[in-house]
Structures are given as structure tokens and as C-alpha cells.
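>>> I'll drop the sequence and a predicted model, then ask my questions.
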Amino acid sequence: MKKRIVFATGNANKMREIREIMQDMEVEILSMKEAGIEIDIVEDGKTFEENAAIKAKAIAQYTDDIVLADDSGLEIDYLNKEPGIYSARYMGEDTSYEVKCAELLRRLDGVEKAKRTARFVCAVAAVLPNKEVLTVRGTIEGYIGEKAAGENGFGYDPIFYVEEYGCSTAQLSREKKNEISHRGNALRAIKEELKRIGF
Ligand code: IMP
């Protein structure tokens, strides 16, 4: 029987990305729903790693398959790494990203480029069949531009610029973004960890 991994997300884009990254492994990847698990999880950790582990451990109570979970966000250095682990909740969960991005641009108004450094961070936690927990972190470095640009991506992508490409991550193709993104990097790192332990 094919080995199985349950990925603790309800997000279809994340499911597509993890399946693309794990395609060279002989595993079946199921969403929480596909695994028949529907629970609400309170993410009250203080770091990305803690939140990812909280989610993965909560799901692992319901299955003996490997469980993966991720937690991600945007850290802006000038704002003491805000919005950080509160990225989704910044200004309220229901506030549009147009408004959230505009507010961050306003808070950086007049700040020179060298001080606008930022990164997307993604922690991925894995709970193994013996219930051991592994965590890895992926990042992508960039800066907050002077204005929002681009239609691709989601969340804070329109204001997050990557020096190497001279554009925002909302102006990159999905394939290119996955190749360089924090989540792509974290998923590739956890894949190597799983291979290392013989999964
Ligand atoms: P979560 O890890 O799915 O809870 O996402 C946290 C939040 O971080 C998202 O709602 C976005 O606001 C932000 N975020 C995480 N990754 C990205 C990204 O690749 N682009 C834009 N925003 C992101």
C-alpha cells in the first residue's frame, strides 16, 4: 500500500503546491478533509514553528499517517517583524489584503529602501508515525516596495519585492514563486528530512 501523508490545510493552492513538490516520492497526499478529519485548531503559539507543531499534533491524534502542517507570515524589519505570526489576523481576519497592504505601505511612508527589508517565513512541522515531531523553516528575503503591484499570488504578495527579479511576488508566475518561496523551501526541506529517515 502506498504510504500516506496528511497535510493539515483546507487550502487548495497549498495542496497543489505540496503535491507538486512531493511528486518524486511514492506517497499519497491527503488534505485534512480527504482524511476525514474536520477539527478547529487554536493557533496560540509564539513562533511559526510552535504554531505549525500545534496544528500537526492536533491532527496526528486522529491518524497514524505522517501529518504535516505549515504556518507562515511576513516579517518587516522596520516594524519589529510585524505582522509576523499575526499576518492573517493583522487588522482583523476579515479585513481585505488591499487594506492591509495599504496600511503597511503607509507605516513605511518615507522610509528609505535599505530599511524596508522583509521576509516571508514558513515553518513546516511533521509528526512521524512514532509521534516524534520535526520542524523546518523556509524563508525568502525581499523588501517592501513603494507601491502594490501584480495580480498573481495572494495576501501580501503585491507589496513584497524580490531584488533578484526586480518585481513583487504577485508579478511572478506560480511556478517561479513556488521555486523560490518560503513555503516551497520549507516543503523541500521537510521532504529531505523524510527521505533521510527512510520514509
Ligand atoms: P497561514 O500560514 O496560511 O496561516 O498564512 C499566514 C498569512 O501570512 C497569510 O494569510 C498571508 O497573509 C501571509 N502569507 C503567507 N505566505 C504568503 C505568501 O506567499 N504571499 C503572501 N502572503 C503570505
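Structure received.
>>> alpha carbons only for contacts and neighbour counts from here, please
Noted.
>>> Now tell me which helix or strand of the chain has the poorest mean pLDDT.
Of all helical and strand segments in the chain, the minimum by mean pLDDT, DSSP states H and E falls on helix 12-21, at a mean of 90.
>>> Please save the CA atoms from that helix in PDB.
Presented in PDB, the C-alpha positions along helix 12-21 are these (Å, rounded to 0.1, in the frame of the first residue of the first chain):
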ATOM      1  CA  ALA A  12      -6.500  24.100  -2.400                       C
ATOM      2  CA  ASN A  13      -3.400  26.100  -3.500                       C
ATOM      3  CA  LYS A  14      -1.300  24.700  -0.700                       C
ATOM      4  CA  MET A  15      -2.500  21.200  -1.600                       C
ATOM      5  CA  ARG A  16      -1.400  21.700  -5.200                       C
ATOM      6  CA  GLU A  17       2.000  23.000  -4.200                       C
ATOM      7  CA  ILE A  18       2.800  20.200  -1.800                       C
ATOM      8  CA  ARG A  19       1.700  17.600  -4.400                       C
ATOM      9  CA  GLU A  20       4.000  19.200  -7.000                       C
ATOM     10  CA  ILE A  21       6.900  19.300  -4.600                       C
END
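>>> which outside residues touch it?
Helix 12-21 is contacted from outside by F7, T9, I29, S31, N178, G184, L187, R188, using CA atoms under 8 Å, 6 or more residues apart in numbering.
>>> Would you mark the buried spots in that helix?
By 16 or more other CA atoms under 10 Å, the buried positions in helix 12-21 come out as K14, M15, E17, I18, R19, I21.
>>> thinking again about what came up before, pick out whichever of the contacts of helix 12-21 sits closest to E98.
N178 (22.4 Å; CA to CA).
>>> Give me the neighbour count for the closest residue in space to Q171 that isn't next to it in sequence.
Among residues not flanking Q171 along the chain, G150 sits closest, at 4.5 Å (CA to CA, 6 or more residues apart in numbering). By the measure other CA atoms under 10 Å, the count of residues near G150 is 15.
>>> Let me know the helix or strand that L68 is in.
Element membership for L68 (DSSP states H and E) is strand 66-76.
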